[in-house]
Each structure stands twice: as C-alpha cells, then as structure tokens.
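**Q** please work out how this folds:
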Amino acid sequence: MRKLTQIPANKTFEVLVALNAALEGGDALFVSGPEVNGVAPQEEIPTEVSDNTAVVIKSSGSTGRPKLIELSADAMLSSAAATEQRIGSGQWLLSLPANYIAGLMVLVRSIKSDRQPILMNSQLPFTAEAFIRGASLMDERARFASLVPTQLARLSDAIDSDPMVYSSLRKFEAILIGGQRADFAVMQKLKAMGINLISTYGMTETCGGCVYDGEPIGDTKLRINDGLLEISGSSLANNLPEWFQSNDLARFDDSGKLEILGRADRVIISGGLKVSLDRVEEISREIAGVQEICAVGIVDREFGQRVAIGFEGTPEVSDAISSHLVEIIGREAKPKKIRQFRDLPRLDSQKLDLQRIQQLMSE
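**A** Numbering: from 1, shown residues only. Predicted structure coming up:
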C-alpha cells in the first residue's frame with residue numbers, strides 16, 4: 001500500500017513536485033480544491049491506496065456526485081506519450097486547476113518531457129490579459145496549452161481589440177480544447193486566423209483527452225455498443241474493464257471520425273418523447289445574441305419533464321430561442337422556463353454547474 005498525500009490545488013508548485021515523486025513510486029497524490037483563508041478543504045479520502053495508484057483525482061461532478069478515480073503512473077505516462085506522439089513535445093502553459101484531469105495532465109506532460117511548465121494562477125478569474133502574461137514567460141519555440149471552451153471564448157472576444165491576444169495565440173504549436181462542447185463559430189473563427197486548435201474528447205477515467213479531432217491517440221481503441229461509446233487502451237484508470245463504457249452517445253462519421261452526440265443522461269422524456277438537452281443547447285447557440293447556454297430538465301405535472309434554459313446574452317432572444325427549438329426539434333423541446341443570467345453558475349473547472357442550474361431553474 002502507498003500513503004496518500006493531499007495538497008491543495010492553489011499550491012501548484014508543491015503539486016508539481018509531489019506529482020513527480022508519485023510518478024517515480026513515492027507517495028500517491030490527491031490534489032484537493034484550493035485553500036480558503038489558508039484552510040484546505042476537508043475531503044473524504046483514504047489514507048492509503050494500492051501500490052498501483054499514483055494519483056487519486058475527483059471527477060468534476062458536473063452531472064452528479066463526484067467520485068474518486070485512481071490513476072496509475074503507467075496510465076498517465078501512456079496518455080502523455082500519446083499526446084506527444086500526436087502533437088509533439090514542448091513547453092506547456094497551465095491555465096486550469098490541477099485538481100481536474102485537464103490541468104493535472106499538463107503537469108504530467110511537462111514532467112515526462114523534462115520541461116518546466118508556466119503556472120498561471122488558476123484561482124483568479126481567467127482573462128485574456130492573464131493568458132498573455134503567462135504566454136510571455138514561455139521561452140521555448142514549441143508551446144502548448146489546454147483550455148476549456150469558456151476560456152477560448154474569452155480570448156476570441158478579446159482578439160479583435162487587443163492584437164497581443166492574436167500574437168500570443170499564434171505562437172502556440174497547438175492548443176487543446178476540451179471539457180465540454182466548444183462553440184463551432186468560435187473554433188472556426190480562430191482556426192481561420194491560423195491558430196491550431198485541437199478538439200479533444202476524454203474524461204478522468206481516460207487520463208483526459210484520448211481522442212483528438214475525432215481520432216483516437218496512442219493505443220486507444222473505440223467502439224459503439226447500443227449507441228454508447230466504449231473505450232479501451234493503456235490510459236484507462238485502475239480497476240476498469242478492458243472496454244470501459246462511457247455515458248456518451250456517439251457515432252462514426254463517413255470518414256470514420258468519432259462524433260459525440262451527447263450524454264445519455266442528458267436526455268429527458270417530455271410527454272412521452274425523448275429530448276436531448278445537448279441538442280437543445282447546440283441549436284440554441286445558433287441564435288444571435290446567445291453567448292452561453294445551459295439546458296436542464298425540470299419536473300412538470302402534465303408532461304413529466306420539460307426543458308428549462310438558462311442563458312447569458314441579450315434578454316430579447318428568449319422568444320427566438322423558444323420558436324427556433326420548436327421549429328427544428330418540435331413542440332416537445334419548447335422550454336417551460338427561460339432565464340437570463342449575467343453569469344451561469346460554474347465549477348472551478350469552468351464547466352457549467354448543471355446541478356446548481358437545475359436547482360435554480362426548478363425554483
């Protein structure tokens with residue numbers, strides 16, 4: 001058995017040192033949420049883990065109760081090697097909290113390539129100015145970063161007014177985008193400007209991204225069983241079957257690339273008809289004036305469940321959202337409630353906090 005050491009996410013350099021030791025066979029590491037007023041969060045974690053566990057990480061919990069996932073050094077290093085094989089080796093910019101898999105794997109890749117990462121303060125709100133400052137400290141030609149769509153959208157908004165944003169982005173060899181579905185228009189705009197963005201798919205159980213631009217990396221294998229994506233490969237977490245079944249509905253397009261259709265648990269039954277909340281969000285983003293959107297299911301006495309939508313944007317788009325959904329999907333997608341938010345609730349990983357939003361929309 002190995003001792004499990006806890007370090008708060010805001011002590012990033014300590015996390016980096018402990019992670020390096022864990023990968024080399026030392027104490028296993030659990031990165032908790034950040035300290036608040038100097039006090040680390042009280043986490044229900046074991047004091048010891050199996051010899052094969054290097055890191056214990058908590059899943060994001062955006063759609064349900066977070067769970068502890070054990071990752072081996074071999075799995076994380078295999079994932080890092082697959083990324084390096086796909087996009088190359090270089091210096092990484094850490095812009096995400098290290099208690100989430102996307103941030104942690106930036107550190108693993110840096111350790112594997114024996115390069116010092118640049119550590120942004122992920123406990124402060126992400127801004128274009130902070131990104132520029134972090135990027136300016138990078139001293140290698142091959143530069144990489146991992147961002148979530150919210151961060152990318154903020155950079156896209158700033159790029160027209162601040163030429164330094166474009167200059168900084170263009171210096172990156174590749175920027176991985178993952179965590180949730182990215183806005184297609186934002187991705188296309190920045191790609192057209194010569195910025196190399198790579199859409200990634202993965203989860204904590206796969207050591208983060210295991211599919212880049214629809215294609216598996218490393219020895220990852222994919223198959224679809226009853227509409228659900230199953231994954232096999234050396235980057236899987238401990239104690240998983242050879243084929244791990246995700247909760248994502250998927251298909252392969254005509255070129256053989258993976259297309260994620262949405263989460264199986266993001267489908268509600270309204271009046272006996274299935275409605276994909278991911279599809280609702282995708283269609284709603286087509287409306288001019290919608291900056292961010294979240295669809296949830298709420299209880300309805302007549303229909304069982306109905307769609308409810310929270311959005312960031314201009315208030316007058318509410319009617320346009322509703323009519324567009326009815327036109328494209330049908331009356332079963334007509335929202336029971338639409339609410340404008342200045343800022344939709346988020347986890348510190350910057351993913352939308354679906355549970356909190358559902359609670360607010362049910363009030």
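**Q** burial of Gln359, as a residue count?
**A** Residues near Gln359, counting by other Cβ atoms under 10 Å, number 13. All C-beta atoms are positioned from the backbone trio N, CA, C, and that covers glycine.
**Q** mind giving me the packing neighbours of the one helix or strand it maps to?
**A** Element membership for Gln359, per DSSP states H and E: helix 354-362. Packing partners of helix 354-362 (3 or more Cβ pairs under 8 Å, 6 or more residues apart in numbering; DSSP states H and E): strand 290-300, strand 304-313, strand 337-340.
**Q** distance of the residue lying farthest from the centre of the chain from Ser50?
**A** Note on the chain: the largest C-alpha distance from the chain mean falls to Glu302, namely 35.2 Å (Cα atoms, centre = their mean). Computed as Cβ to Cβ, to the nearest Å, the Glu302 to Ser50 distance reads 51 Å.
**Q** the protein - how does it break down into domains?
**A** 73-262, 271-362 (automatic domain parsing).
**Q** CSV please, covering the ones you listed and showing distance to Val31.
**A** CSV is the format used below for the domains of the chain (distance: least, Cβ to Cβ, whole Å):
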stretch, distance to Val31
domain 73-262, 4
domain 271-362, 12
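**Q** any idea how far Ser79 lies from Ser234?
**A** Ser79 is 8 Å from Ser234, by Cβ to Cβ.
**Q** between the two, who's got more neighbours?
**A** Neighbour tally, Ser79 and Ser234, criterion other Cβ under 10 Å: the higher count belongs to Ser79, 29 against 16.
**Q** in the helix or strand that one falls within, what counts as buried?
**A** Secondary structure assignment for Ser79, by DSSP H and E: helix 73-87. By neighbour count on 16 or more other Cβ atoms under 10 Å, the buried set for helix 73-87 is 73, 75-84, 86-87.
**Q** distance from it to the middle of the chain?
**A** 18 Å (Cα atoms, centre = their mean, to the nearest Å).
**Q** give me the low-pLDDT residue ranges for the stretch 1-150 of the chain?
**A** Along the stretch 1-150 of the chain, segments meeting pLDDT under 70 span 60-65.
**Q** residue ranges for the helices of it, please.
**A** 12-23, 73-87, 101-113, 128-136, 149-159 (DSSP state H, counting those that start in this stretch).
**Q** nearest to Asn225, out of those?
**A** Nearest to Asn225 among those is helix 73-87 (22.4 Å), distances taken as Cβ to Cβ.
**Q** so which elements touch the closest one?
**A** Against helix 73-87 (3+ Cβ pairs under 8 Å, 6+ apart) you get helix 12-23, helix 101-113, strand 174-177, strand 208-212.
**Q** that helix versus helix 101-113: what angle between them?
**A** With axes from the mean of the first three to the mean of the last three Cα atoms, to 10 degrees defining the directions, helix 73-87 sits at 80 degrees from helix 101-113.
**Q** CA atoms of helix 73-87 as CSV?
**A** Coordinates of each C-alpha in helix 73-87 appear next as CSV, following Å, rounded to 0.1, in the frame of the first residue of the first chain:
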residue,chain,number,x,y,z
ALA,A,73,1.7,6.2,-13.3
ASP,A,74,1.7,3.9,-16.3
ALA,A,75,-1.7,5.2,-17.4
MET,A,76,-0.8,8.9,-17.1
LEU,A,77,2.6,8.5,-18.8
SER,A,78,0.9,6.5,-21.6
SER,A,79,-1.5,9.3,-22.1
ALA,A,80,1.3,11.9,-22.1
ALA,A,81,3.3,9.8,-24.6
ALA,A,82,0.2,9.6,-26.9
THR,A,83,-0.2,13.3,-26.8
GLU,A,84,3.4,13.9,-27.5
GLN,A,85,3.3,11.5,-30.4
ARG,A,86,0.2,13.3,-31.8
ILE,A,87,1.2,17.0,-31.5
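**Q** so what touches stretch 227-246?
**A** By Cβ atoms under 8 Å, 6 or more residues apart in numbering, the surrounding residues in contact with stretch 227-246 are 50, 52-53, 69-72, 74-76, 78-79, 82, 203-207, 210, 216, 218-225, 247-250, 258, 260, 264.
**Q** make a ChimeraX selection of the buried ones in these.
**A** Selection command for ChimeraX covering only the buried members of the contacts of stretch 227-246, criterion 16+ other Cβ under 10 Å:
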select :53,69,70,71,72,75,76,78,79,82,203,204,205,206,207,210,216,218,220,222,248,249,250,258,260,264
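**Q** thank you kindly, that will do.
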